[in-house]
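Peer 1: Below are the sequence and a predicted model for it; my questions follow.
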Amino acid sequence: MKVKVKFFALVRELAGKREEVLDLDDRATVRILLGKLVEEHGTKFRDYIFDPASKEPRGHVQFLMDGRNVALMQGLDTILKEDCSLAILPPVGGGQQTLAR
């Protein structure tokens, strides 16, 4: 099955592209897809996405399948669907807001 992966901000820089399409086995999970991305994009990508001690994704990185956070589904064990889109989002930083007096 084909799955589109969209990269944002620093993840885009690490992957060297905005998006790519991967061909995966039916019933592939988010975890399997991330493993393939690590194989393709190397150690810097892996170290940004995964905590080296726990081997789990870092808490600041979010994964959205068709706009829905996989943490609200089955996490990394969420089964991907044909032609779905998985977005990998690093934390969003904000500026300091000041109030006019």
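Peer 2: Arrived safely, thanks for sending.
Peer 1: Where do the strands of this protein begin and end?
Peer 2: Secondary structure of the chain, counting by DSSP state E: strands at 2-7, 19-23, 62-65, 68-69, 85-89.
Peer 1: Let's have these in TSV, adding mean neighbour count, mean pLDDT and distance to residue 49.
Peer 2: From N, CA and C alone the C-beta is placed, and that goes for glycine too. Putting the strands of the chain into TSV (neighbours: other CB atoms under 10 Å; pLDDT from 0 to 100; distance: least, CB to CB, whole Å) gives the following:
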stretch	mean neighbour count	mean pLDDT	distance to residue 49
strand 2-7	18	98	11
strand 19-23	13	98	15
strand 62-65	19	97	9
strand 68-69	12	97	16
strand 85-89	19	97	7
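Peer 1: and those as TSV, adding distance to residue 29?
Peer 2: Supplementary listing: the strands of the chain in TSV, determined by distance: least, CB to CB, whole Å:
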stretch	distance to residue 29
strand 2-7	11
strand 19-23	13
strand 62-65	11
strand 68-69	15
strand 85-89	11
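Peer 1: Compare these and give me the one nearest residue 77.
Peer 2: Distances from residue 77 to each of these were compared using CB to CB; the shortest belongs to strand 62-65, at 11.8 Å.
Peer 1: about what we covered before: out of the strands of the chain, which gets nearest to residue 31?
Peer 2: With CB to CB as the criterion, residue 31 lies closest to strand 62-65 of these, at 10.0 Å.
Peer 1: Can you name the residues in contact with that closest one?
Peer 2: Around strand 62-65, the neighbours that count as contacts under CB atoms under 8 Å, 6 or more residues apart in numbering are 30, 57, 69-71, 73, 76, 78, 80-81, 84-89.
Peer 1: next one: it to chain centre, how far?
Peer 2: 6 Å (CA atoms, centre = their mean, to the nearest Å).
Peer 1: So residue 52 versus residue 58, what's the distance?
Peer 2: Residue 52 sits 10 Å away from residue 58 when distances are taken as CB to CB, to the nearest Å.
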